[in-house]
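Peer 1: Below: sequence and its predicted model.
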Amino acid sequence: MTVANNADHEPTGHEQVRKFIDEWGVNSWGEHCQAIYFKWERFDLENFAGRQEFGTKPAWFSVFAPVAFFVLSPIIVAFGVIREWLEVFGVVKEKPKKEKKTGVISVSGSKSNPGPTSLIDTVKRTQRRLWLVVSHSRVAVVVLNKPDKPPRVVWQSDESSSVRFHHASQQSIEVAWPDGCRAYFCPTIEERKLITRFVNATWNNEPR
C-alpha cells in the first residue's frame, strides 16, 4: 500500500488507506468509525477571539490595520461602484456565488479553551493532506506517514466536546464544547456522502 505525497488528487491506494485507518479507529476507540480524506486549505478564525489565520495578532496589527483601512476604503468603494455599473451594462459578467469552500476548518469561540486552540496550533504545523476519523462521540485528525505503521494522531476532540453532523446547510462536521466554542470541518462532497452513509448505517447501532 503506497501513499502519494506530491499529487494534488487523492493518494494512490486511497480506499486501502481508508480501510486501514477505519480499522485503526475501531480498534483504538471500540466504536464504529469512518475515515475521510481531508486536504485542509485554510482556517477561518474570523469568530475566534484573539486569533487570525496565521496565529495571534501581532502588536503592529492594531496600528497598521486602521491606517490601511482609511487609505484603501475609498478605492474599494469606488471599485465596487464602477464594477456594479459595468455589470449592469453587460461589460463584465456578474461574479458567480461561491459554494461553501471545502478544506476549510472554521473555529469560533475563545482561545481560553485549550481544545480549539490546540487544533489550530497542531494542524498548522502538519502537512496539508490529512485524514479525519469520526465517530458519534469524537473526531481525530490523523496523518499516515508510513503505510505499515499506525496513523499519527495530530489532534483529537476531548471528552467534554460533542460531535454533530451537518448534511445540508453547513455541510460540515462540527465539534462543540460546553463553553460555546465550535470547530467545523468542511470536506469534499464525495467525503460528505461517506459521512452521511456512516451516520445512517450506525445511528441506532452503536455499541453500549
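Peer 2: Structure's in. What do you need? A quick note: this is a predicted structure, and the numbers were derived from the prediction, not measured.
Peer 1: Pull the number of nearby residues for G30.
Peer 2: Residues lying near G30 (other CB atoms under 10 Å) number 10. For the C-beta atoms, the positions are set from N, CA and C on the backbone; glycine is no exception.
Peer 1: what about it, distance to R138?
Peer 2: 11 Å (CB to CB, to the nearest Å).
Peer 1: How about V17?
Peer 2: Between V17 and R138 the computed distance is 20 Å (CB to CB).
Peer 1: Alpha carbons only: can I get stretch 140-157 in PDB?
Peer 2: Extracted C-alpha coordinates of stretch 140-157, given in PDB (Å, rounded to 0.1, in the frame of the first residue of the first chain):
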ATOM      1  CA  ALA A 140      -9.500  12.900  15.300                       C
ATOM      2  CA  VAL A 141      -7.100  14.500  12.800                       C
ATOM      3  CA  VAL A 142      -4.500  11.900  11.700                       C
ATOM      4  CA  VAL A 143      -1.700  11.500   9.200                       C
ATOM      5  CA  LEU A 144      -0.400   8.300   7.800                       C
ATOM      6  CA  ASN A 145       3.400   8.700   7.400                       C
ATOM      7  CA  LYS A 146       4.100   5.100   6.800                       C
ATOM      8  CA  PRO A 147       1.600   2.600   5.300                       C
ATOM      9  CA  ASP A 148       2.700  -0.200   7.600                       C
ATOM     10  CA  LYS A 149       2.600   1.900  10.800                       C
ATOM     11  CA  PRO A 150      -0.500   3.100  12.700                       C
ATOM     12  CA  PRO A 151      -1.700   6.700  11.900                       C
ATOM     13  CA  ARG A 152      -0.200   9.500  13.900                       C
ATOM     14  CA  VAL A 153      -2.800  11.500  15.800                       C
ATOM     15  CA  VAL A 154      -2.300  15.200  15.200                       C
ATOM     16  CA  TRP A 155      -5.300  16.300  17.200                       C
ATOM     17  CA  GLN A 156      -8.500  14.700  18.700                       C
ATOM     18  CA  SER A 157     -11.500  16.100  20.500                       C
END
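Peer 1: hmm, who's touching that stretch?
Peer 2: Defining contact as CB atoms under 8 Å, 6 or more residues apart in numbering, one finds that stretch 140-157 is touched by 1-3, 13, 17, 20-21, 24-25, 38, 115, 118-119, 122-123, 126-127, 129-134, 138-139, 163, 175.
Peer 1: and what of stretch 35-49?
Peer 2: Contacts for stretch 35-49 (CB under 8 Å, 6+ apart): 10-11, 14, 17-18, 21-22, 25, 51-53, 101-111, 116, 120, 123-124, 128-134, 141, 185, 187-188, 191, 194-195.
Peer 1: now those: which count as buried?
Peer 2: Buried members of the contacts of stretch 35-49, counted by 16 or more other CB atoms under 10 Å: 10-11, 17-18, 21-22, 25, 51, 102, 104-109, 111, 116, 120, 123, 129-134, 141, 185, 187-188, 191, 194-195.
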